[in-house]
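S.K.: Here is a sequence with its predicted model. Questions after.
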Amino acid sequence: MPLVAHNQLPTFARLRQEGIKVLAPEAALAQDIRELHIGLLNMMPDAALAATERQFMRLVGESNPIAQFYVHPFTLDSLPRTPRAEAYIANHYESFDAIREQGLDALIITGANVEGHDLTCQPFWRPLIEVADWAHEHVTSTLCSCLATHAVLEFRYGQKRTPRNSKKWGVFRHRVIDPLHPLVNDINTCFDVPHSRWNEISREQFDAAGLPVLVECDGGDVHLATSHDGIRTVFFQGHPEYDTISLLKEYKREVQRYQQGECAAPPFPEHYFGRWPQALLNEFRYRHATTPQQRNLPEFPEAIITPYLDNTWRDTADEVIGNWMGLVYHLTHSDRHLPFMAGIDPDRPLAAL
């Protein structure tokens, strides 16, 4: 069933324009359909704040026909914001205190952009632990995206992420390695997922923490894993929520940094641009390098390239999130409960519930 526009968050209007069904609160109340309340802890920087809302809310809204979805965005006060972003958050986001008081059925924690690989030095470190620990005890399931996965693996399981020799950047082929888990029920056994990160938690670290791995890249990198009970915490290292143009936008930002002398010329994201877009971008880079005057720099050909980009991950992302929402609904609205709710041994696997 659809998302419910329970506040004036602009993302609801944008999703309606895309054709995603979004109900007004009064229309939702008129339907005899159960609700699921999902928190969205958005830790992304200001420029990506609204896009990240749309990406995750789109996945939730199209995920499963079993419930009406109320998404509650919030962030952490410790994250630096511009005055404009602070006003946007004040007008449209909820506080963690209010969310903690009203409760949630599920929680999504986004990634964040940080300098360096040591997460304990980041200003959000302690506030993030507070949110994640509360959710671990009071929320049916928490989905951690990218950096959030790295943070939880460190503070809860003692597995610290390590820097990569090069950035894992692009769209990569993955395989399901545990097809019996309900999170990957009826999805393609081989599918694509975008990645964009300088650091990683290895397969050996997931194994050492006792965390079941469900999906990994052909090269062995873990994309999808869960806590040992199979549902309380879900870990993504990739970005299945990405829009078709997300990696193009990121490449554009890196090119702009290169133009300003902040970094070397960026490589292309792997398995993302076809031959013609690559040729066009190489020409753009050559023209930039040979243009004598800054004011005559060519414009980045984003609008020309966009129609030639393929999305090879969205359908599987929808199915995984749909399975996740189905499990949350089942565990929240039935006689079966998670181990920590029912006082059962927390090591009891999901299949035994």
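M.R.: Structure's in. What do you need?
S.K.: switch to C-alpha atoms for all contacts and neighbour counts from now on
M.R.: Fine.
S.K.: Contacts for whichever strand or helix holds residue 133 next, please.
M.R.: Assessed by DSSP states H and E, residue 133 sits inside helix 125-138. Applying Cα atoms under 8 Å, 6 or more residues apart in numbering, the external contacts of helix 125-138 come out as 76, 78, 96, 103-104, 107, 119, 141-142, 151-152, 155, 232-233, 340.
S.K.: What of stretch 270-286?
M.R.: The contact list for stretch 270-286, computed with Cα under 8 Å, 6+ apart, reads 169, 170, 171, 172, 268, 298, 300, 301, 305, 308, 309, 310.
S.K.: Could you pick out the longest strand of the chain?
M.R.: strand 162-176 (DSSP state E).
S.K.: What average pLDDT does it get?
M.R.: On average, the pLDDT along strand 162-176 is 94.
S.K.: Ok, stretch 230-248 next?
M.R.: Mean predicted confidence for stretch 230-248 is 96.
S.K.: related to what we said a few turns ago, return the list of helices and strands in contact with the longest strand of the chain.
M.R.: strand 190-200, strand 213-217 (3 or more Cα pairs under 8 Å, 6 or more residues apart in numbering; DSSP states H and E).
S.K.: Which one, of those, ends up nearest to residue 14?
M.R.: strand 190-200 (23.0 Å; Cα to Cα).
S.K.: For the closest one, C-alpha coordinates in PDB please.
M.R.: Only the C-alpha atoms of strand 190-200 are listed here, as PDB (Å, rounded to 0.1, in the frame of the first residue of the first chain):
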ATOM      1  CA  CYS A 190      22.500 -12.900  -9.600                       C
ATOM      2  CA  PHE A 191      21.900  -9.100  -9.700                       C
ATOM      3  CA  ASP A 192      23.600  -5.700  -9.700                       C
ATOM      4  CA  VAL A 193      24.200  -3.300  -6.800                       C
ATOM      5  CA  PRO A 194      25.900   0.100  -6.900                       C
ATOM      6  CA  HIS A 195      28.800   0.700  -4.500                       C
ATOM      7  CA  SER A 196      30.700   3.900  -3.500                       C
ATOM      8  CA  ARG A 197      33.100   3.600  -0.600                       C
ATOM      9  CA  TRP A 198      36.800   3.900   0.400                       C
ATOM     10  CA  ASN A 199      36.500   1.500   3.300                       C
ATOM     11  CA  GLU A 200      35.100  -2.000   3.900                       C
END
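S.K.: That one pairs with which strands, parallel or anti?
M.R.: Using DSSP bridges, strand 190-200 pairs in its sheet with strand 162-176 (antiparallel).
S.K.: Distance from the chain centre to the partner strand, please.
M.R.: Relative to its parent chain, strand 162-176 has a centroid offset of 15 Å by Cα atoms, centre = their mean, to the nearest Å.
S.K.: any idea how far residue 321 is from residue 61?
M.R.: 10 Å (Cα to Cα, to the nearest Å).
S.K.: More neighbours: the two, which one.
M.R.: More crowded of residue 61 and residue 321, by other Cα atoms under 10 Å: residue 61, with 26 against 23.
S.K.: The more buried one against residue 71, yeah?
M.R.: No - judged on Cα atoms under 8 Å, residue 61 makes no contact with residue 71 at a distance of 9.3 Å.
S.K.: Return every residue with contacts to both of those two.
M.R.: Residues touching both residue 61 and residue 71 (Cα under 8 Å, 6+ apart): residue 3.
S.K.: How about residue 71, nearest residue that isn't a chain neighbour?
M.R.: residue 38 (4.8 Å; Cα to Cα, 6 or more residues apart in numbering).
S.K.: Let me know the secondary structure of the one you found.
M.R.: Per DSSP: H, G, I helix; E, B strand; the rest coil, the local secondary structure of residue 38 is strand.
S.K.: Thanks a lot, catch you later.
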